[in-house]
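>>> this one's sequence-less:
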């Protein structure tokens, strides 16, 4: 019901006569919902502003496949690279896909994990949010065979370049379905990774097995990816 002028004046006069505690109780009783709504809107605005101010731009996406790194090496792969390449670690980042496990021979305990890792990696490849893979030999063989690694011919990397098989054609599915008499697989050898085990950065991390780095074939940041691989190999 709309108040008259006299009623409004009476309410104002009554409010002026209240002590501070009574005024606070009155405001909360009649205006609590608008106050709560305003506080909620303000919180959302502040959260959005903080997120925008602290959001980092990925300059590179790196997958660790069958490789686990410690804190020191992870820092070297991220902040260390950004600093060495003149970028700002406060505003930019090397995005890591950690703990990816790729295998064609996973036992029953690891099968679901290997499958989930493959799906995650393939999703990153399809959305072009994967540039470099740091790999052990098994994952290197799988990614190379699948044609996911870019052929490399960089003079600075030439002493460390290594070759692997790339599958050109494979009728395994037809053969398994008895639609082909023989299993025929055609491959070629391609230089598509660098072997990093002898490099100071990897030696300091204490890796016992061979370690490889490769650039993804469809990376939209191939030049940045090559700079990153050179950094690893230095």
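Nice, I can see it. Note that this is a predicted model, so its numbers are computed, not measured. Numbers count the residues shown, from 1 in each chain.

>>> ranges for the helices of this protein?
5-17, 20-54, 71-75, 81-84, 111-126, 137-145, 172-176, 200-203, 222-233 (DSSP state H).

>>> now mean neighbour count, mean pLDDT and distance to residue 186 too, for those, in CSV please.
Where C-beta positions appear, they are placed from N, C-alpha and C, glycine not excepted. Output for those, formatted as CSV (neighbours: other CB atoms under 10 Å; pLDDT from 0 to 100; distance: least, CB to CB, whole Å):
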stretch, mean neighbour count, mean pLDDT, distance to residue 186
helix 5-17, 10, 69, 88
helix 20-54, 10, 70, 50
helix 71-75, 14, 94, 38
helix 81-84, 17, 96, 38
helix 111-126, 15, 90, 23
helix 137-145, 20, 96, 12
helix 172-176, 12, 79, 12
helix 200-203, 15, 86, 34
helix 222-233, 19, 96, 26
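
>>> ok, which of these comes nearest residue 152?
helix 222-233 (7.9 Å; CB to CB).

>>> for the closest one, packing partners?
Secondary-structure packing of helix 222-233 (3 or more CB pairs under 8 Å, 6 or more residues apart in numbering; DSSP states H and E): strand 57-65, helix 81-84, strand 132-135, strand 185-195, strand 212-215.

>>> returning to that earlier point: which stretch among the helices of the chain comes nearest residue 212?
Of all the helices of the chain, helix 137-145 comes closest under CB to CB, at 4.5 Å.

>>> now do that closest one against helix 111-126, angle only.
With axes from the mean of the first three to the mean of the last three CA atoms, to 10 degrees as the basis, helix 137-145 and helix 111-126 are set at 40 degrees to each other.

>>> check the offset of helix 137-145 from the chain's centre.
20 Å (CA atoms, centre = their mean, to the nearest Å).

>>> next, the angle strand 185-195 makes with that helix.
Going by the same axes, to 10 degrees, helix 137-145 makes 120 degrees with strand 185-195.

>>> residue contacts, residue 149?
Residues in contact with residue 149 (CB atoms under 8 Å, 6 or more residues apart in numbering) are 133, 143, 164, 166, 190, 192, 193, 214, 215, 216, 217.

>>> partner residues bridging it?
residue 216 (DSSP bridges).

>>> quick check, pLDDT for it.
Per-residue confidence (pLDDT) for residue 149: 97.

>>> ditto for residue 76
For residue 76, the model assigns a pLDDT of 95.

>>> what residues are up against it?
Counting by CB under 8 Å, 6+ apart, residue 76 has contacts residue 201.

>>> distance check, it against residue 90.
18 Å (CB to CB, to the nearest Å).

>>> same thing with residue 98?
22 Å.

>>> now render the helices and strands packed on helix 222-233 as a markdown table, adding distance to residue 41.
Putting the helices and strands packed on helix 222-233 into a markdown table (distance: least, CB to CB, whole Å) gives the following:
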| stretch | distance to residue 41 |
| --- | --- |
| strand 57-65 | 28 |
| helix 81-84 | 36 |
| strand 132-135 | 42 |
| strand 185-195 | 52 |
| strand 212-215 | 46 |
